[in-house]
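J.: Make a model of this:
(2 chains)
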Amino acid sequence: GAGVSQSPSNKVTEKGKDVELRCDPISGHTALYWYRQSLGQGLEFLIYFQGNSAPDKSGLPSDRFSAERTGGSVSTLTIQRTQQEDSAVYLCASSFFPQGGTDTQYFGPGTRLTVL
Amino acid sequence: TQLLEQSPQFLSIQEGENLTVYCNSSSVFSSLQWYRQEPGEGPVLLVTVVTGGEVKKLKRLTFQFGDARKDSSLHITAAQPGDTGLYLCADANFGNEKLTFGTGTRLTIIP
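T.: Got it, this is the predicted structure:
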C-alpha cells in the first residue's frame, strides 16, 4: 500500500518568509510525528499527534514552529519568519497506535528546506 | 537528556569485508531500534531489541544489545553495495512515543 508522503520534496525560501510543509500519513495510522534532520543536530523529534489527544509539542525549537493535524489524517508543519538555521530535512512518520501499545514508525521521504 | 553516540561517524570499506558499528547511550535504553536511511529517503526500521544481552540476526546483519542495556553493536558480514547508507540507533522510549536518535554512522561499501 501507499506509504507516508510529504510535499513539497524541496523548498527554497528567503529568510523571514513563512513556509508550510505537508504530511499524508499511512491510512489508518492514528499517530503522526514530525522530526527534523540537520547536519549539526542530527535527527530530532519536533511534535507528536495521537488521535484526538493534545499534541506533544515538547520538541518544537521555538514559537515560530507550529503544526496541526486535520481530521486525524493530514498534518501541516508551519514555520513562520524562517531563519537560516531552520534549513534542514523535515521528516514525517506515522504509526498504528493500538490500545496500550505502540507500533513501528514509518517515515516519509522528507522535505528539504533551504532558507537563503 | 539522553545522549546516543555512534561510532565510527564514517566508514568506507570494500565489498565483501566485515564491519561493526556501535551505539552507546548515556542512560539505559527503554528499547533499542536500528534504522538504515538511504539518500533522499526516511529511515527504515531494521530491528527492535528489548532484553539485555539479546542478539538478533537479519540475513547478514547481527544486532547485539549489551547486558546493561546501554550499548549495542551492529555487525555486517560480507558487506554489499546495497548496505550503503546512514545507520541510526534510536531509543523507542516506550510509553513516550518519541524516538531519540543517535548521531549516526555513514557507511559506504565500495564495489
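J.: Single out the residue in chain A that lies closest to chain B.
T.: Per CB to the nearest CB, A:Phe107 is where chain A lies closest to chain B, at 2.7 Å. Every C-beta, even on glycine, is put in place using the N, C-alpha and C of the backbone.
J.: Residue 65: neighbour count?
T.: All of this is about chain A. 18 (other CB atoms under 10 Å in any protein chain shown).
J.: try again with chain B
T.: 24.
J.: helix, strand or coil for whatever residue of chain B ends up closest to chain A?
T.: As assessed by CB to the nearest CB, chain A sits closest to B:Gly42 within chain B, at 2.7 Å. Of the three states, B:Gly42 takes coil under DSSP: H, G, I helix; E, B strand; the rest coil.
J.: need the contact list for it.
T.: With contact set as CB atoms under 8 Å, 6 or more residues apart in numbering or on different chains, B:Gly42 has these partners: A:4, A:91, A:93, A:106-110.
J.: Okay, and the beta partners of the closest residue to it other than its chain neighbours?
T.: Ranked by CB to CB, 6 or more residues apart in numbering or on different chains and with sequence neighbours excluded, the top spatial neighbour of B:Gly42 is A:Phe107, at 2.7 Å. Judged by DSSP bridges, the bridge partners of A:Phe107 are A:Ala93.
J.: residue contacts, A:Phe107?
T.: Contacts of A:Phe107 (CB under 8 Å, 6+ apart): A:4, A:35, A:91-93, B:41-44.
J.: at 6 Å instead, please
T.: By CB atoms under 6 Å, 6 or more residues apart in numbering or on different chains, A:Phe107 lies in contact with A:91, A:93, B:42-43.
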